[in-house]
Each structure stands twice: as C-alpha cells, then as structure tokens.
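S.K.: Predicted model follows, preceded by the sequence.
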Amino acid sequence: MVAESGHLGVTWRADPSVVSVVAAVLRRLVPYVVEATMIPTALYYFGLMTFGPMWGIVAAATWTYVSVVRRVVMRRPIPGLLMLATLGISLRLSMYLLNDSTFVYFVQPIIRTVATSVFFAGSVLIGKPLVGRFATDFCAFGSDVGDRPAILSLFRRLTFLWAGAQATIAAINLTLLVTLPVPVFVGTAAATAWIVMTCGVVLTVTDAVRTTRRDG
C-alpha cells in the first residue's frame, strides 16, 4: 500500500524495509556529508602533503565558507551538518593561527567532539533532543509526524545514541593523535569516524523503522 504526501513531494510506503529507508536517507544525506566533511578533509590532506599544514587549513576553510556564502546568496537553507562544520573549521583555524601548532589544530576538534557529545546528552535532559532539530536534514516530514509521542521518544533515544557516537570518535581520535604521525592520523581518523557514523546511521534507521511500524 502506498500513500503520497503532495506537499513534501515524497511517496511513503506503509511498510518500508530497513534497506529502502537506508537508501532514501543516504540519497538525502550523502550530498551534505560530501559538502561538509569529505571535500574539506580531502582539501586539507592535499594541502598538507603538497604545501604544508597551513595551506591545507586554508583550503578546507575556504571551501566551507564558500559553501555557506553560496547558500546565503541563493537564499537556500544551511544544513545542520554544514553549520557544525563551519563552526568547527572556524575554531580550528583560529586555534592554529594563535598557536601555530598542528597538534593544537587537531586536538581542538577532539575537544569539540567531546563538548558536542555532552551537548547532545544535555539536550535530552532539558527536553529538546537535538536529533529532532537535525532530522529534517535526513528525511522530510511534517509536524504531524514530528510531534507524535513515539517519534519524540525516538528522538530522545537517538540523541543519546549520537552522544555516545561522538564520545567514541573523540576517544579513538585522541588515541590516534598521540600515537601516529600527522599524515597517517588524518586518514585514519577520517576512516574511524566514517565507521562509527555508519554504525550510528544503521542503528538510527533500524530504530526509526521499528518505531514507525509499531506506531502505525
């Protein structure tokens, strides 16, 4: 059975499979991830290996700022992932310029990841789970869905899940930073983050499908 939602331009299936939901989420999410994380990381790595760390930082920051300005000029919404990436690259660039230290440049986002984990967990405690704020980046839905008790409970669980994922990434990256050379750390840390994030996405979608089925 299929029900269409005209104002969102989305076709909903009454009993979607986990695979179909993952595919739909990835189609919506991947462009944001590429823009906010993959391209800046690739630019930094290229600049680092070719000209040195400063040029890598400038390349990554330039891409991020141009992405934001382009959306502002075109009057398009700025995705939550890009907002977080812009904040992060700005803090990292400032710390590097003030300290001229590659270690400081990389340890700062680890500290920020820890703070993000605490912020996610804290948002649940005050009744405003952050996953609810970022959910529309991944899947379009109306307030009639977002305000359902089962969905609000889902947002709380998933916010705790992503708080744990951020804490895990921070712990692993700190270990890698103090044990590996910078060029090796950059690639390894990115791969580690992708593995943890992929696990988080699978758990998120699985819980979401189970919840929506149970809620009718």
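M.R.: That came in fine, so what should we check first? Keep in mind that what you see is a predicted model, and the values were worked out from it rather than measured.

S.K.: By residue count, what's the longest helix in this structure?
M.R.: Using DSSP state H to assign secondary structure, the helix with the most residues in the chain is helix 182-214.

S.K.: Please name every helix or strand in contact with that one.
M.R.: Applying 3 or more Cβ pairs under 8 Å, 6 or more residues apart in numbering; DSSP states H and E, one finds that helix 182-214 contacts helix 18-33, helix 39-50, helix 102-125, helix 149-179. Every C-beta, even on glycine, is put in place using the N, C-alpha and C of the backbone.

S.K.: who's in contact with the residue sitting nearest the centre point of the chain?
M.R.: By Cα atoms, centre = their mean, the chain has its centre lying nearest to residue 81, at 4.9 Å. Residues near residue 81 by Cβ atoms under 8 Å, 6 or more residues apart in numbering: 32-33, 36-37, 134, 137.

S.K.: again, but for residue 92
M.R.: By Cβ under 8 Å, 6+ apart, residue 92 lies in contact with 57, 105, 108-109.

S.K.: can you do 6 Å?
M.R.: Neighbour list for residue 92: 105, 108-109 [criterion: Cβ atoms under 6 Å, 6 or more residues apart in numbering].

S.K.: ok, now how distant is it from residue 57?
M.R.: According to Cβ to Cβ, to the nearest Å, residue 92 stands 7 Å off from residue 57.

S.K.: what's the answer for residue 129, then?
M.R.: Using Cβ to Cβ, residue 129 is found at 33 Å from residue 57.
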